[in-house]
Each structure stands twice: as C-alpha cells, then as structure tokens.
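> coords please:
(one chain, ligands or ions: 1)
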Amino acid sequence: MNIRQRWIASEGRYDNNAMYQRCGRSGVLLPKVSLGFWQNFGANDPYERSRLIAQYAFDHGVTHFDLANNYGPPYGSAEETMGRLMDDDLRPYRDELFISSKAGYDMWPGPYGNWGSRKYLMRSVEQSLRRMKLDYLDLFYSHRLDAETPLEETLEALVDIVRQGKALYVGISNWPLEQLAFGYAYLRARDVPLLIYQGRLNLLDRKPVETGILKFCREKGIGFIAFSPLAQGLLTDRYVDGISPDSRMARAGSLTKDRLTPEVLDAVRDLQRQAKAKGRSTAEEALRWVLDQEGVTSVLVGASSVAQLADDLKCVEV
Ligand code: NDP
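Numbering: from 1, shown residues only. As a prediction, the model looks like this:
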C-alpha cells in the first residue's frame, strides 16, 4: 500500500540568528526575506513547483508569506494555492507563519469589488480567509489609496477587521505620505497601530526614500517591507545576456521589454561587477542594498524556482 508521507519542516529552520528583525516598534519579528505570491503561485503555475518554493522558504526561516485577493492569475488563485499548501503541508505550522493579504485593486465585477469602500474590504477579507482556508490573517492591508472614498471609511474597516479577529494587524500599501500620516494617526487613536507600510523600493526605484515615506515609518515606529526589491528580476543576472523565454519579461505581463534600456543594462552590469568583487551574487547585492536602508524590515521577493530563492536568501548573514 502506498501511504503518502506528510511533509515535515526542517528542524534547523530557525538556526540563522540573523534572520529576524523587529517590525517597527511592535511585538512582531519578521524575516529579513519574505516570500510574495503575486506571481508563480497562480492556477496557471505548476503547483508542485510553487509547493517546493514555499517549503524551501519555510525550511529556511521565511515565516512571512504575502498575498492579495487578486494575485494569480486568475484572481484569487494564489490564495487558493495557499489554501492547498495549508492542507498539504503547512497547517501544523500555522502559528509559526505570518500570512498577509490585501484588498484595493479590482477583484470582482460591479461597484463593490474594487478600491476602498467598507463593503469591499469587509467582504474581501472573508473571501481571502475562505480561499486560504484560514480562520485568521496575521496582517491585512489596504492595497492602494482610494481618493474617492473618505479615508475614515477605509481606515474604520481596517479597525473593525482587527476587532472582529479576522486579522491581527493592519498595514497600508502604496498610499502617499500625506494620507499615510493621516492613517497612522487615525489608527493609533483607535489602538490599532499601523504595523507596516508596503512600498516598492529597489536600486532602480527609490521613491520611499525620496518622498520621505521611509523616514516617516522609521520615526513613527512603523515597519517597512520593500516589494519588488529586485525590480521584478531586472536587478539579477536574468536579463544581462538577453531575454530568456521562461522569464517574466518574456511572458509580457507586468515587466515590459521597454524597461530593459541601455542605461538599466549598464547599471545591472555595474552591480554584477561590484557583487562579483565581493564574492556575492547580483541578486544578493541588490537585496543587501535594500536591507541596508535604515528602517527597512524585510525584502519581499518573488521566485520562480527554489534556486532563485536560495540565491536571494544569501543576503541574510548566517
Ligand atoms: P522581485 O523584485 O523579487 O522579482 C521577482 C522575480 O525576479 C522572480 O519571479 C524571478 O523572475 C526573478 N528573480 C528572483 N530572484 C532571482 C535570482 N536570484 N536570480 C535571477 N532572477 C531572480 O519581486 P516581485 O516583483 O515578484 O514582488 C515580490 C512580492 O511583492 C510580490 O509577490 C507581492 O507579494 C509583493 N508586491 C506588492 C505590490 C503592492 O502593490 N503592494 C506590487 C508588487 C509586488 P522570473 O519569473 O523571470 O524567473
């Protein structure tokens, strides 16, 4: 009889003492490298590959998985993959995991499946829990600013999501500084402190530094998690010798060919040289730069293979 063996996480998964960093002035420690499910975890991606990446991550102390309602494609399917991973491998480790989701972009048809209304956020969090087969989220984000909805409505929904036990903490992603400051004060006054801000930060895009968002987070004790820290793969060896057919750029989605300008290629080759001189990989060097920015809690990487994730994890000193 073929008895299916249950996957067991590595006993050494917490051996790297340098892995965790306090998230702002909170009680939460996050891994310096977190794993994002935006791409490579949808219904069109091979499940067994996604599963190996998630297993490898958890085996190496990556306790934070980041999702959103519409990650896939199709929308919702990355959360369904997360649900399957819970069933297959991760449920025994639920309390060792820090799982986030978000709502803010288009998710379902009609006027209530997008932006920042209370209706959208409250229903979206329920859907996310169902797809991921979880009874709570660790972190729930407003995914983007909705300039048409009163900020108080969006923020009050975040407060209520925490009060109802559907998420333990709240975060804000992609809001400009002025609205972030308003949100921070609003949440603090209601004793649901803003745990973390999620923004794009990498060597090619330093907006959170330039706009003062990172400084604001640092001063107020809000954690900062950097998404696309490798500029979707540009800041690795991936495109130095052309566009490989299995790359994100070749798939013609979120990373368009016009991003590969001669200036960007020069900058990446420079980075590659600097990395080599230090005995590091290009991705490692790029991630170290992000982690070195004062106030950054974690780099939120994507990976289409275990080898990539292994390479990315080198940025955390052992
Ligand atoms: P990255 O900048 O880390 O890009 C990931 C891609 O880079 C991989 O899919 C892979 O591309 C390539 N790559 C990664 N490591 C290596 C390596 N060592 N060598 C060569 N290539 C490598 O991050 P993402 O843009 O994927 O974003 C990460 C996460 O951030 C998302 O999953 C999501 O959770 C979050 N996010 C949040 C947003 C928001 O609005 N809040 C917006 C965007 C992302 P390839 O597929 O070609 O192999």
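> what's the average pLDDT for stretch 55-67?
For stretch 55-67, the per-residue pLDDT values average out at 98.
> could we number from 44 for the rest of this?
Done: numbering now begins at 44, and the last item shifts to stretch 98-110.
> list the buried ones in that stretch?
If you call a residue buried by 16 or more other Cβ atoms under 10 Å, then stretch 98-110 has these buried ones: 98-101, 103-110. In this view, the C-beta of every residue, glycine as well, is placed from N, C-alpha and C.
> now the end-to-end length of it.
Stretch 98-110 stretches 16 Å from its first residue to its last (Cα to Cα, to the nearest Å).
> does the ligand sit close to that stretch?
Yes: using Cβ under 6 Å from any ligand atom as the criterion, contacts between stretch 98-110 and the ligand involve Asp109.
> Give me the distance from that stretch to the chain's centre.
If you compare the mean C-alpha spot of stretch 98-110 with that of the full chain, they lie 11 Å apart, counting by Cα atoms, centre = their mean, to the nearest Å.
> Look at Tyr212 and give its secondary structure.
strand (DSSP: H, G, I helix; E, B strand; the rest coil).
> Just give the nearest non-adjacent residue to it, would you?
If the residues on either side of it in the chain are set aside, Tyr212 comes closest to Leu238, at 3.9 Å by Cβ to Cβ, 6 or more residues apart in numbering.
> what do you get for Leu180?
In space, Leu180 comes closest to Ala210 once its chain neighbours are excluded; the distance is 4.3 Å by Cβ to Cβ, 6+ apart.
> Run a quick neighbour tally on that neighbour.
Counted with other Cβ atoms under 10 Å, the burial measure for Ala210 works out to 25 neighbours.
> where's it relative to Asn245, distance?
Applying Cβ to Cβ, to the nearest Å, the value for Ala210 to Asn245 is 27 Å.
> and if you look at Gln98?
Here the criterion is Cβ to Cβ. By it, Gln98 lies 26 Å from Asn245.
> do the same with Gly115
Taking Cβ to Cβ as the measure, Gly115 falls 23 Å from Asn245.
> same deal with Arg187?
Distance check for Arg187 against Asn245: by Cβ to Cβ, it reads 19 Å.
> higher neighbour count, the two?
Asn245 (20 against 17).
> Where does the prediction get shaky in the stretch 244-361 of the chain?
For the stretch 244-361 of the chain, applying pLDDT under 70 flags the ranges 361.
> Close to the ligand: what parts of it are there?
Applying Cβ under 6 Å from any ligand atom, we find that the stretch 244-361 of the chain lies next to the ligand at 270-276, 279-281, 290-291, 326, 343-347, 351, 354-355.
> who in the stretch 94-243 of the chain is up against the ligand?
Applying the criterion Cβ under 6 Å from any ligand atom, the portion of the stretch 94-243 of the chain that neighbours the ligand consists of 109, 216-217, 241.
> Determine which two of those residues are furthest apart.
By the measure Cβ to Cβ, these have their two most distant members at Asp109 and Asn217, which lie 13.6 Å apart.
> anything in contact with each of the two?
Between them, Asp109 and Asn217 share the neighbouring residues Gln241, with contact defined by Cβ atoms under 8 Å, 6 or more residues apart in numbering.
> Enumerate every residue touching whichever residue of the stretch 44-193 of the chain sits closest to the ligand.
Nearest residue of the stretch 44-193 of the chain to the ligand: Gly79, at 2.1 Å (Cβ to the nearest ligand atom). By Cβ under 8 Å, 6+ apart, the contact set of Gly79 is 108-110, 270, 343-345.
> and what of Leu78?
Residues near Leu78 by Cβ under 8 Å, 6+ apart: 96-97, 100, 105, 107-109, 343-346, 352.
> among the residues you listed, which are in strands?
Among the contacts of Leu78, the residues falling in strands (DSSP state E) are 107-109, 343-344.
> what are the ranges of the helices in the stretch 44-193 of the chain?
90-102, 120-128, 161-175 (DSSP state H, counting those that start in this stretch).
> where does Leu237 sit relative to the ligand, distance-wise?
15 Å (Cβ to the nearest ligand atom, to the nearest Å).
> I'd guessed that residue sits against Gly264; true?
No: taking contacts as Cβ atoms under 8 Å, Leu237 lies outside contact range of Gly264: 9.1 Å.
> Between the two, which is the more surrounded one?
Taking other Cβ under 10 Å, Leu237 and Gly264 do not tie; Leu237 has more neighbours (25 against 17).
> Okay, and the beta partners of the more buried one?
Here Leu237 shows beta-bridge partners Val213, assigned using DSSP bridges.
> Give me the pLDDT for it.
At Leu237, the predicted lDDT confidence score is 98.
> same deal with Ser171?
Each residue has a pLDDT score; the one for Ser171 is 99.
> That one is in contact with Tyr118, isn't it?
No: using Cβ under 8 Å as the test, Ser171 is too far from Tyr118 to be in contact (11.3 Å).
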